[in-house]
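**Q** Model the structure of this input:
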Amino acid sequence: MPVIDVHTHMFTTKWLELLQREGGIYNIQTRPDGQREIFRGNTPVVLPQKGHFNWELRIAHMDQAGIDISVVSLTCPNVYWGGEEVSVQAAREANDNVADAQSRYPDRIRWFASLPWEYPQRAVEELERSCAKGAVGVMVLANVAGKSLTDPMFAPVWKAIDDRKLPVLVHPTDPPGVDLMDMTKFDLSWSVGFMFDTTLAITRMIFEGFFDQYPNLKVIASHGGGTLPYLVGRFEKGDEVELAQRRQMKRKPTDYLRHIYYDSITYDLGALQYLISVVGADHVMLGTDWPHWVHDTKGAFANTARLPREQMTAVRGDNAMRVFGF
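**A** Okay, here's the model as predicted:
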C-alpha cells in the first residue's frame, strides 16, 4: 500500500499578498531570528516556509521521505477574514493552486478544499466548484472567526459535505480569548491553544449529537485529536451524570471518539500508542505537518515504525485508502 500523508499544508503568494492587504487583524511581523510570521493581533499564528509555496520542493521532500501521496490543505488563518468577496477570492486562489498542482502531479497530490464558511451559500458553491476540480475533502478550522462549528449558520455547509460523504480535516487555530489567557508568548497559542481549540470543537460535536445529525461525515481530528483521547474517562463520567432531558447524543462518548479519525502528529510514541489504544489503529492516519517550522516527518516514520506491523501499515496508508477511496 502507498504511504499517504493526510496533514500537510500549502500557501500561495497571491493568498499571502491578499492577507497582507485585506487581513484586518491579521498582520505579518518579523521574529527575533529574522523570519516573517503571520500574527493575529499580537498572537503568532503561522510561520511561512519555502515549502509552503514550492511544489517542486514538496515533491522532492516526499520522494526523500518515502511519501507516495500528500493530501494538501491550506492552514490557518485559512480564508476567514476580509469580508465576503475577499474570503471567496482567497478560497478560490488556494483551491485553484492545489487543483493545478494535482494536474501536474496526478499520482502524488490530492487536496482538501477551503471554503468561505462565514457565507454559507458561497461556501456551498465553492464546495461544488472544488469537488468538480478534484477536491477529495474539506479542511475547516476548529473555530470559524470565533464561531463554533456546530453553529446553526453552518448547517447548509455541513449538509452539503455530508451528502457527499467527504472527509473533513478539523484543524486548530488560535482559540478565542488567547490574549485573555496569556497565550501570546512562548508560542503557547500553538502548544496549548491549538490543542484546546480542536478538543473543544470536537467535544461540542459529540455532546450536541452532531454525528447523529450528519452520519456520513468522516471527521479527522488534527494532531492526534488534541487532548480528546486523554479525556475519554472524563467524557464518560460527564455523560453518566448528565440530566436525561439535556442529553442530545444517542451513543456513548467513547463510541463517537471511535467514529471519527485522527492523524498521527503527536511528536511522541507513547502518545501515539495511547491514541491507538483508545480509538483503534484503524482510525489513525499518517500526518507530518510539513512544511511547517514544527513539522515532524522523521518522527512520523520513526514512531509508526515502532508500532506492530499491522498497525503501522494501517496508519501509514491503508486507512487513508479506505477513508478517501483512493
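
**Q** Can you pull out the residues in contact with the helix or strand of the chain with the lowest mean pLDDT?
**A** None of the helices or strands of the chain scores lower by mean pLDDT, DSSP states H and E than strand 43-46, at a mean of 80. Strand 43-46 is touched from outside by 26, 37-39, 75-77, 173-174, 178-179, 183-184, 187, 189-190, 292, with contacts defined as C-beta atoms under 8 Å, 6 or more residues apart in numbering. In this view, the C-beta of every residue, glycine as well, is placed from N, C-alpha and C.

**Q** at 7 Å what do you get?
**A** 37-39, 75-77, 173-174, 178-179, 183-184, 187, 189 (C-beta atoms under 7 Å, 6 or more residues apart in numbering).

**Q** Stretch 120-136 now?
**A** The contact list for stretch 120-136 (C-beta under 7 Å, 6+ apart) reads 71, 84, 88, 91-92, 95, 99, 102, 110-113, 115-117, 138, 153-154, 156-157, 160-161, 164, 324.

**Q** One more pass at 8 Å, please.
**A** Contacts of stretch 120-136 (C-beta under 8 Å, 6+ apart): 71, 84, 87-88, 91-92, 95-96, 99, 102-103, 110-113, 115-117, 138, 153-157, 160-161, 164, 166-167, 324-325.

**Q** among these, which ones are buried?
**A** Among the contacts of stretch 120-136, those scoring as buried are 71, 87-88, 91-92, 95, 99, 102, 110-113, 115-117, 138, 154, 157, 160-161, 166-167, 324 (criterion: 16 or more other C-beta atoms under 10 Å).

**Q** one step back: just give me the closest of the contacts of strand 43-46 to Asp197.
**A** Thr173 (6.3 Å; C-beta to C-beta).

**Q** my read: the closest one touches Val79, true?
**A** No. Between Thr173 and Val79 there is no contact under C-beta atoms under 8 Å: 11.8 Å.

**Q** The least confident helix or strand of the chain pairs with which strands?
**A** As defined by DSSP bridges, the strand partners of strand 43-46 come to strand 36-40 (antiparallel).

**Q** Mind listing what's buried along the partner strand?
**A** Neighbour-count burial for strand 36-40 [16+ other C-beta under 10 Å]: 37-40.

**Q** Next: stretch 234-243.
**A** So stretch 234-243, judged by 16+ other C-beta under 10 Å, has buried residues 235, 239.

**Q** before we move on, what about stretch 276-293?
**A** Those would be 276, 278-279, 281-292, for stretch 276-293 by 16+ other C-beta under 10 Å.

**Q** Return the alpha-carbon coordinates of it using CSV.
**A** What follows is stretch 276-293, C-alpha atoms only, in CSV (Å, rounded to 0.1, in the frame of the first residue of the first chain):
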residue,chain,number,x,y,z
ILE,A,276,-4.5,3.9,19.2
SER,A,277,-5.4,2.2,22.5
VAL,A,278,-8.5,4.4,22.8
VAL,A,279,-9.7,4.7,19.2
GLY,A,280,-8.1,1.8,17.4
ALA,A,281,-5.4,1.6,14.8
ASP,A,282,-8.0,1.6,12.0
HIS,A,283,-8.9,5.3,12.8
VAL,A,284,-5.4,6.9,12.7
MET,A,285,-3.7,8.2,9.6
LEU,A,286,-0.2,9.4,8.9
GLY,A,287,0.4,13.2,9.2
THR,A,288,3.6,15.2,9.0
ASP,A,289,2.5,18.9,9.2
TRP,A,290,5.1,19.6,6.5
PRO,A,291,6.4,22.2,5.7
HIS,A,292,5.7,24.0,9.0
TRP,A,293,8.6,25.0,11.2
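
**Q** Adjust the sequence numbering to begin at 4 for everything that follows.
**A** I'll keep to 4 as the first residue from here, and by that count the last item is stretch 279-296.

**Q** Can you give the distance of that stretch from its chain's centre?
**A** 11 Å (C-alpha atoms, centre = their mean, to the nearest Å).

**Q** any chance you could read off phi and psi for Lys253?
**A** Backbone torsions of Lys253, given as degrees, to the nearest 10, read phi -90, psi -20.

**Q** thinking it is in contact with Gly212, fair?
**A** Yes. Lys253 is in contact with Gly212 according to C-beta under 8 Å; the separation is 6.5 Å.

**Q** With neighbour numbers in mind, choose between those two.
**A** Gly212 (16 against 10; other C-beta atoms under 10 Å).

**Q** hang on, Gln276 packs against Pro311?
**A** No. Counting by C-beta under 8 Å, Pro311 is not a contact partner of Gln276; they are 10.1 Å apart.

**Q** Those two: which has the busier surroundings?
**A** Gln276 (15 against 10).

**Q** which SS class is the more buried one?
**A** When classified by DSSP: H, G, I helix; E, B strand; the rest coil, Gln276 comes out as helix.

**Q** How about the contacts made by it?
**A** Contacts of Gln276 by C-beta under 8 Å, 6+ apart are Leu310.

**Q** ok, it to Val9 distance?
**A** 19 Å (C-beta to C-beta, to the nearest Å).

**Q** mind checking how far Leu231 is from Arg39?
**A** Per C-beta to C-beta, Leu231 is found 33 Å from Arg39.
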